[in-house]
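Colleague: Pasting the sequence and the predicted model now:
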Amino acid sequence: MTQRQRAALLALPDSEAAVVRHYGLDAEDLAAIGTARTPATRLSYALQLCCLRFPGRHLRAGELLPAIMLDHIAEQVGVDAGAIADFARRAPTRYDQLAAIKARFGFTDLSRPARGIMMTWLEIEAMPIVDGRILLDRLLDELRTRRIVIPGISVVERMAAEAMLRVETDLVAAIHDKLDADMRQRLDTLVDEKVHDRQSRLSWLREPQPRVASASLAEILEKIALIRRTGISCVPVDPLHEPRMTQFAREGVRYTAQAFQQMRASRRRAILLATLREMEATLTDAAIAMFGALMGRAHLRARKRLEQGIAISGREGRDRLMRIATVLETVSRVARTGEDIGAALRDIVPLDMLDADAAIIRRTAAPHRDDVLSEIAAEYRTFKRIGPLFLQTLDFHGRVGTAALRNAMTVLSDLDGDWRKPLPADVPLGHVERRWHRHVVVAGKIDRTHWEMATYGALANALASGDIWVPRSRLHRSLDVLLAPSSGAALQPVFSLGDPHAWLDQRAAQLDKALCDVAQNLAGRDAALFAGERLRFPKELKDDDAGHDEGRHLTLACYGMLPATRITDVLSQVERWTGFTQHFGHVSTGLPPGDEQAFLATLIAEATNLGLSRMAEVCGAGSRRALLRMQTWHMREETFRAALACLTDAIHAEPIAAWFGQGHRASADGQAFYLGGPGEAGGAVNAHYGRDPVVKIYTTITDRYAPLHQTVIAGTAGEAIHALDGLLGHDSNADLTALHVDGGGVSDIVFATMHLLGLDFEPRIPRLSDRRLYAFEPSKRYGRLAPLFGHRLNRDLIVSHWPDIERVIGAMRDRTVTPSLILKKLSAYRQQNSLAAALREVGRIERTLFTLRWFDDPALRRTVTAELNKGEARNSLARAVAFHRLGRFRDRGLENQQTRAAALNLVTAAIILFNCRYLGHAVEEMRRRGSQIDPAMLSRLSPLGWDRINLTGDYVWSDHLDLDANGLMPLLIKPLP
């Protein structure tokens, strides 16, 4: 631990809440204290007794006591707090008194026998714990419970460390004993054997496969097969040790083959086993994602071919009609003259062309017009070999309703892509969707190509929705497993949404009242707002130009006073204020970075997209390998999350931030970043952003501009399912109750989830005039609004699935499952899935209520627009920071992209905090110098400016910063005239 952490463990409480909780004296205590003769000895008796109870140690000679603690205890004893000064000079009396307290209240020292008992207890406690600080906290609590006086912190720290080491050593030995000679040899081969001269087989297993191709999927499946051949699945591990196995895996994915070779054999093999288990889950998820991407690409290519065919057919249509007209004229003429009709036709057009024209006309005029599936057969070559291999490699399970699909998968696996093997007579068809039937069954026979493609398509959909799952996957496990509470959450009360009938009665009454109010008030509204049977929404008035100009002048004046500085010094100052780097603990030791400048240089290299090699050349803080060590061992998703929470809380604590917002709203928005170099293969082309592949960083910020959360999503992925991740997945103390998103983050299921979690969802919905309203009552009840309604809401559907809805919402609330993961599965269901349909019904209630509020409440529209504008402005800052290499991400794997996105979000948060503090300082200075500042104008300030911060090229640290007593650089102030 760091010295700061050690000091905090046994520190005396200095807050009123902690003092009141720990230092209450009862009648027995006061009677014992009353045996002391003088006020000084009575107060010292009470202080020593309280200190033995919490933090559980001796009161040190000359120790400075927190004033609030001293006053609280003195008040209960009935003496003046100043009396302690007399007693502090008499050490013998203090020792005698301490011995009397121990004897009377049963306190003992940590003797050798007691230490042995505590070590036995510690080893049992340490089994599921990987963070030594948690174990140390439990040890201290247990010592207090047993009334054993806590010795020096180094003693208990060594006890906890020894227990952790014993448990780890025992686990390594137990795993090693379960490995036979062949398994040990296969594990060692992964480290020793080379794929080629410069790459070990272990390194090959870790190599990402971002390119969507059947060859990439084949390589992923080959890696899974290699891991399976090591036999790791045959080695049982006690669930109690799963957290430690996860910790082994965290370390193992970062070790090089050379580092593994230098380890003791038993430890190397244990860590390799844990690492391979984790890699198998990761590769399984990657294989399923690749399979889904291949199926999606097949449909996209089929659609393009269909569109091209239609376009070509349209261009050729005129010529075809002219040929047909000529043929008809010729037939008519020949019929009248008696000439040879065959010869006449051959003279004007080849018969083959006539046959082609006839086929095209018949196909166009057929009852079933061509669709995408008519072009899908050309994509079969992609799945002919890789499809059976995919089915043979992974272990698929499914719900009862997927029996036909699983039987079809077994048939495909047995056929193994060999067309010499015929389809069985009873080939399963129950899984084939209706739209596939006319392609699969042709003239009473099974079209094998379309049957196989229909089966693969059904499998991709079932995996996405959770109807089919793979136990060894991480993201595609059974929904029952995903929603099962963790051990900690299982101890909490069962989550309940209350009685569904009472909830529905309340919402139905509120919905009916809101609809009736709007319908009755339509006559008094502008007629243009309800024209053509569409509800049109009023346009917002522009901001007051005078207020806008005044706010702009205030912004320019404040930013003009800010000192010019480098991004390196900005981060150093923010670190001095907050200590955010302390959250970046080492994977193995938990210690923060030892070299602050090297760590910050690595952070800047990631955020600015400069890269570690170039940063090492220009910053002088360390070599590329030194920066790489910082990135590898300290930068992880959980450390970034904790550090970002630290900065978020610091931003919210700034006085000026209170003018930006109340602190309980958040907004989320996606920002596209183009990919370049090796990263292009892992991107997707989104036509909205051009023809280059992109990824999107979906970022959540609070109404005080504090970044809260970020995640990397595919360039073509829907944003709606990720809207809740930031609100429920952050670690800050921000109490958020409302979320605003733009069009991409809106869906009925998100409306339902937000409301049932007790949160307000207030999005800006695109094409809101085209959305349907919903009600429990017949639409004619609402007069002129009747044409706007969709189907009547199904009350029984919601009631019947209320327990399942409670389970899903409870899992999100307890962080048992990531909201985006479960929402993605629910959104992937077809409309007939009852749970997804029930959630959509709930969402339609809430969306209708929100639509009516949006129609009637101009303040709501202004608030939502203002909050979303904050997110878009923050995106401009992020774009300015990540400008190197044309702002294109070149990372090959998603994990590296996530690290870059997290670093970018953290650096923007540091800039925002820096600006908040200095803008507040500037406003105070302007007021001190007599400037009259309208408080309303402070809300127009934005902490997103970067003109005074050098973001480019100059990545060195100042040897000395001229700081005032508050730790701030001097403002640029023009002298008064």
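Modeller: Good, I have the coordinates.
Colleague: C-alpha only now, for contacts and for neighbours.
Modeller: OK.
Colleague: Low-confidence stretches in the stretch 51-200 of the chain?
Modeller: Along the stretch 51-200 of the chain, segments meeting pLDDT under 70 span 87-92.
Colleague: where exactly do the strands run in it?
Modeller: 194-196, 199-200 (DSSP state E, counting those that start in this stretch).
Colleague: Please identify the deepest-packed of those.
Modeller: Among these, strand 199-200 has the highest mean neighbour count (mean count of other Cα atoms under 10 Å), at a mean of 16.
Colleague: Can you give the domain ranges for the protein?
Modeller: 3-105, 112-176, 189-296, 549-639+905-950 (automatic domain parsing).
Colleague: how about TSV for those, with distance to residue 503 added?
Modeller: Shown next, in TSV, are these (distance: least, Cα to Cα, whole Å):
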stretch	distance to residue 503
domain 3-105	37
domain 112-176	41
domain 189-296	39
domain 549-639+905-950	37
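Colleague: Mind checking those domains for the one nearest to residue 713?
Modeller: Residue 713 lies closest to domain 189-296 among the domains of the chain, at 13.0 Å (Cα to Cα).
Colleague: Between the two ends of that closest one, how far is it?
Modeller: 37 Å (Cα to Cα, to the nearest Å).
Colleague: And the domains of the chain: which comes nearest residue 507?
Modeller: domain 549-639+905-950 (35.6 Å).
Colleague: Now do that closest one, average pLDDT.
Modeller: Here domain 549-639+905-950 scores 94 as its mean pLDDT.
Colleague: and the end-to-end length of that domain?
Modeller: 27 Å.
Colleague: was I right about residue 902 contacting residue 707?
Modeller: No: applying Cα atoms under 8 Å as the test, residue 902 and residue 707 come out as separate, 10.4 Å apart.
Colleague: List the contacts of residue 676.
Modeller: Contact analysis of residue 676 by Cα atoms under 8 Å, 6 or more residues apart in numbering lists 888-890.
Colleague: Of those, which is the most crowded?
Modeller: For the contacts of residue 676, the largest number of neighbours (other Cα atoms under 10 Å) sits with residue 889, at 24 neighbours.
Colleague: any idea how far the residue lying closest to that one once chain neighbours are set aside lies from residue 231?
Modeller: Spatial nearest neighbour of residue 889, excluding adjacent residues (Cα to Cα, 6 or more residues apart in numbering): residue 675 at 4.8 Å. From residue 675 across to residue 231, the span is 39 Å (Cα to Cα).
Colleague: Looking at the two, which is more packed in?
Modeller: Of the pair residue 675 and residue 231, residue 675 is the one with more neighbours under other Cα under 10 Å, namely 23 against 17.
Colleague: Phi, psi for that one please.
Modeller: When read as degrees, to the nearest 10, the backbone of residue 675 gives phi -100, psi 150.
Colleague: That one against residue 693, yeah?
Modeller: Yes: proximity of residue 675 to residue 693 meets the contact threshold set by Cα under 8 Å, at 5.9 Å.
Colleague: how about the nearest residue to residue 30, chain neighbours excluded?
Modeller: Per Cα to Cα, 6+ apart, closest to residue 30 is residue 77, 7.0 Å.
Colleague: Now do the contacts for that neighbour.
Modeller: 30, 33, 42-43, 46.
Colleague: Of the strands of the stretch 51-200 of the chain, which is nearest residue 329?
Modeller: strand 194-196 (72.4 Å).
Colleague: Name the surrounding residues that touch the closest one.
Modeller: 200-201, 204.
Colleague: Doesn't residue 458 lie inside a strand?
Modeller: No: under DSSP: H, G, I helix; E, B strand; the rest coil, residue 458 sits outside any strand and is assigned helix.
Colleague: Run through the residues that contact it.
Modeller: 405, 431-433.
Colleague: mind listing which of those are in helices?
Modeller: With helices taken from DSSP state H, the overlap with those comprises residue 405.
Colleague: export the contacts of residue 458 to a markdown table and tack on neighbour count and pLDDT?
Modeller: Shown next, in a markdown table, are the contacts of residue 458 (neighbours: other Cα atoms under 10 Å; pLDDT from 0 to 100):
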| residue | neighbour count | pLDDT |
| --- | --- | --- |
| 405 | 22 | 96 |
| 431 | 18 | 93 |
| 432 | 20 | 93 |
| 433 | 13 | 91 |
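Colleague: Kindly reformat the contacts of residue 458 as TSV containing distance to residue 916.
Modeller: Listed next are the contacts of residue 458 as TSV, based on distance: Cα to Cα, whole Å:
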residue	distance to residue 916
405	58
431	59
432	59
433	57
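Colleague: Return the closest of the contacts of residue 458 with respect to residue 839.
Modeller: Closest to residue 839, out of all of these and judged by Cα to Cα, is residue 433, at 23.7 Å.
Colleague: Could I get the pLDDT score of residue 963?
Modeller: For residue 963, pLDDT reads 86.
Colleague: quick one: the helices in the stretch 301-450 of the chain?
Modeller: 341-348, 351-365, 380-393, 403-415, 437-440, 448-465 (DSSP state H, counting those that start in this stretch).
Colleague: mind checking which of those is nearest residue 99?
Modeller: Using Cα to Cα, the nearest of these to residue 99 is helix 448-465, at 67.4 Å.
Colleague: quick check: angle from that closest one to helix 380-393?
Modeller: If you take axes from the mean of the first three to the mean of the last three Cα atoms, to 10 degrees, helix 448-465 sits at 50 degrees to helix 380-393.
Colleague: ok, then the element right after helix 448-465?
Modeller: strand 468-469 (DSSP states H and E).
Colleague: what lines up beside that following strand in the sheet?
Modeller: strand 397-398 (antiparallel) (DSSP bridges).
Colleague: The stretch 801-950 of the chain: helices as residue ranges?
Modeller: Going by DSSP H, counting those that start in this stretch, the stretch 801-950 of the chain shows helices at 802-813, 819-828, 834-856, 858-881, 894-928, 935-938.
Colleague: Residue 159: which of those is closest?
Modeller: helix 894-928 (35.6 Å).
Colleague: which secondary structure elements does that closest one contact?
Modeller: helix 545-561, helix 567-578, helix 596-608, helix 637-653, strand 707-714, helix 858-881 (3 or more Cα pairs under 8 Å, 6 or more residues apart in numbering; DSSP states H and E).
Colleague: Quick check: the gap between residue 655 and residue 929.
Modeller: Here residue 655 is placed at a distance of 19 Å from residue 929 (Cα to Cα).
Colleague: Name the nearest residue to residue 882, sequence neighbours excluded.
Modeller: residue 608 (4.0 Å).
Colleague: Give me the number of neighbouring residues for the one you found.
Modeller: For residue 608, the neighbour count with other Cα under 10 Å is 24.
Colleague: returning to what we had before: rebuild the contacts of residue 676 as CSV, extending it with distance to residue 499 and pLDDT.
Modeller: Listed next are those as CSV, based on distance: Cα to Cα, whole Å; pLDDT from 0 to 100:
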residue, distance to residue 499, pLDDT
888, 52, 90
889, 50, 89
890, 52, 85
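Colleague: Dump the residues you listed into a markdown table; add distance to residue 665 as well.
Modeller: Listed next are those as a markdown table, based on distance: Cα to Cα, whole Å:
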| residue | distance to residue 665 |
| --- | --- |
| 888 | 31 |
| 889 | 31 |
| 890 | 34 |
